[in-house]
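*Asks:* Give me a 3D structure for the following:
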Amino acid sequence: MQATQIDLVAFLPSHLDGALALSRQAVWPHRLEDWRMALDLSAGVVAVEDGERLVGTVLTTCYGTDCATINMVIVDESMRGRGLGRKLMDAAFELAADRPLRLVATTDGLPLYEKLGFVRTGTVMQHQGIPAGAPALPESIAPDAVAFESDVDLAALIALDTAAFGGDRSGLLAYLRSVGRFAVLRRDGAIVGFAALRAFGRGEVIGPVVAASADQAKALISFCIAARPGAFLRVDTTEDTGLSPWLSEIGLAHVGGGVVMRRGEPVAPIGSAVARTFALANQALG
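*Replies:* Residues are numbered from 1 along each chain as shown. Below you'll find the model as predicted:
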């Protein structure tokens, strides 16, 4: 068999069509617009075979100097077992510099990430489907406490998200405001929780969802469901939030997920009494 030349080059917008083909091969639901969002918020590297065919991708999304996520790691089926995944990860490490790292691992990628020093810290539970109807708001939440706000106070959302996520995701939240909308939960006039709703994959995704309690998170998710009757919706939560059984009950089936991993930062839970993350923006971006 004739050897082929594999080059690692910077991930450019011109590579998006090839990246989309790879994600379809991996049976991921991403649209071209989803890839474009990920690239706009990140820096990355692609593997190109013989100067033409794209056979691997990786993105590094930096959140200030606080941390970075490594995501969209895909190797073409025909190229697996040749060490290409390791080379892509090494390139991602260079882009992250000395930032602590986070990722959500697939079953296939888990052995490599463990060899590279990543530690398991939790489990993502992917829920999706078309709910039969909107669940009632928890009794502890006033019916008029949640609303979509077109001119939302982005600084207030960033402050809550930073407390919950442990990193500055101001760029992500600004992007979400441009492509989706925010449901906001207020108490005594102050924003105490929020959920983003936007198009993604087969339908729409609700996330991130940031709040101080599970009841607040359920109220935000229920409000978004009520706003999109008959829509295919997705919510990625983590096992430790306790939301997974409730999501299944309301018609968002548990269809899979991944392993939450970190490298270079404490394994202790992230979040505070003020806010925690109850649903992810997606598995790539946290």
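*Asks:* residue boundaries of the helices in the stretch 1-150 of the chain?
*Replies:* 16-25, 32-40, 84-96, 110-115 (DSSP state H, counting those that start in this stretch).
*Asks:* which residues does the nearest residue to Tyr113 once chain neighbours are set aside contact?
*Replies:* In space, and not counting its chain neighbours, Tyr113 is closest to Ala105: 5.1 Å by CB to CB, 6 or more residues apart in numbering. Where you see a C-beta, it was placed from the backbone N, CA and C, and this is true even at glycine. Contact analysis of Ala105 by CB atoms under 8 Å, 6 or more residues apart in numbering lists Tyr113, Phe118, Gly258, Val259, Val260, Met261.
*Asks:* between the residues you listed, which is nearest Arg36?
*Replies:* Gly258 (22.3 Å; CB to CB).
*Asks:* ok, then the element right after the strand or helix carrying the closest one?
*Replies:* Following DSSP states H and E, one finds Gly258 within strand 253-263. Of the helices and strands lying after strand 253-263 in sequence (DSSP H and E), the nearest is strand 276-279.
*Asks:* neighbouring strands for that following strand, and are they parallel or not?
*Replies:* Strand 276-279 pairs in its sheet with strand 203-211 (antiparallel), by DSSP bridges.
*Asks:* After the strand it pairs with, which helix or strand is next? Please name it.
*Replies:* helix 214-227.
*Asks:* got the angle for that next one vs strand 203-211?
*Replies:* Here helix 214-227 runs at an angle of 150 degrees relative to strand 203-211 (axes from the mean of the first three to the mean of the last three CA atoms, to 10 degrees).
*Asks:* So for helix 214-227, what gets flagged as buried?
*Replies:* Gln216, Ala217, Lys218, Ala219, Leu220, Ile221, Ser222, Phe223, Cys224, Ile225, Ala226 (16 or more other CB atoms under 10 Å).
*Asks:* that older thread, okay, and the beta partners of the residue nearest to Tyr113?
*Replies:* On the basis of DSSP bridges, Ala105 is bridged to Val259.
*Asks:* coming back round to it: which of the buried residues of helix 214-227 sits closest to Ala147?
*Replies:* The closest of those to Ala147 turns out to be Phe223 (CB to CB; 7.9 Å).
*Asks:* Need the nearest residue in space to that closest one, chain neighbours excluded.
*Replies:* Val146 (4.4 Å).
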